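*Asks:* make a model of this:
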Amino acid sequence: MIPLPTVWIAAAALAAGAAGGYALASKVSASETAQAEARLARCEAGRAEDARAAAERTAALLARAQDADRAAAEKLAAQKAAFDKRLKEVRREIYSLSTGRECLSGALRLRLNRAIAGADDLPARPGGADPAAPEPADDTAVAQWIANAASAYDDCRARIDAIRHWDEVTHDGR
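*Replies:* Just a heads-up that it's a prediction; the model follows:
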């Protein structure tokens, strides 16, 4: 059982707390409470306005990004079509202008192919002969290789330009 003096002390503390709360409540008037609630409402309205403005900016940025994506894709397709047309003409001219004359030996073709494949540092095949050199390349094959390389380069350049344009539009040139 709880001793009687402890109960009296607890009751006195409770009464003092209640009296203090009543005194504090009487000091805070209804008008002050209304003012605080009005400030809180303004703060919440400002937060809602900020959120709405941020959503509008995000929607505008998304629309610009989609427009830039569409424009970049159209420009890329037009550039590719124009280059493919020029490449087709060049390939047709290759056959009419080339002589079929050997201009790249088989050993040199093998060396270039190994360099492109990254096989420069590989040892010769153990227990076997080195691969045979391919046939020599004539000027037609070399011209076709150059046209293919130019096509790959132009395609890569056009893609990078499209990405650059999209980035400039979506990030305001920053």
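*Asks:* tell me which other helices or strands the strand or helix carrying residue 17 touches.
*Replies:* Element membership of residue 17 [criterion: DSSP states H and E] is helix 4-27. Judged by 3 or more Cβ pairs under 8 Å, 6 or more residues apart in numbering; DSSP states H and E, helix 4-27 is in contact with no other helix or strand. All C-beta atoms are positioned from the backbone trio N, CA, C, and that covers glycine.
*Asks:* how far off centre is that helix?
*Replies:* 64 Å (Cα atoms, centre = their mean, to the nearest Å).
*Asks:* tell me if I'm right that residue 106 and residue 134 touch.
*Replies:* Yes - shown here, residue 106 and residue 134 form a contact pair, counting by Cβ atoms under 8 Å, at 5.1 Å.
*Asks:* about what we covered before: what's downstream of the helix holding residue 17, the next helix or strand?
*Replies:* helix 30-97.
*Asks:* which strands or helices does that next one pack on?
*Replies:* Using 3+ Cβ pairs under 8 Å, 6+ apart, helix 30-97 sits against helix 139-170.
*Asks:* in the helix it packs on, what's buried?
*Replies:* 139-144, 147, 151, 154, 158, 162, 165-166, 169-170 (16 or more other Cβ atoms under 10 Å).
*Asks:* now the angle from it to helix 30-97?
*Replies:* 170 degrees (axes from the mean of the first three to the mean of the last three Cα atoms, to 10 degrees).
*Asks:* please work out the average pLDDT along helix 139-170.
*Replies:* What helix 139-170 shows for mean pLDDT is 87.
*Asks:* against which helices or strands is that helix packed?
*Replies:* helix 30-97, strand 102-104.
*Asks:* just how off-centre is it within its chain?
*Replies:* Worked out by Cα atoms, centre = their mean, helix 139-170 lies 21 Å from the chain centre.
*Asks:* show residues contacting stretch 58-66.
*Replies:* 166, 169, 170 (Cβ atoms under 8 Å, 6 or more residues apart in numbering).
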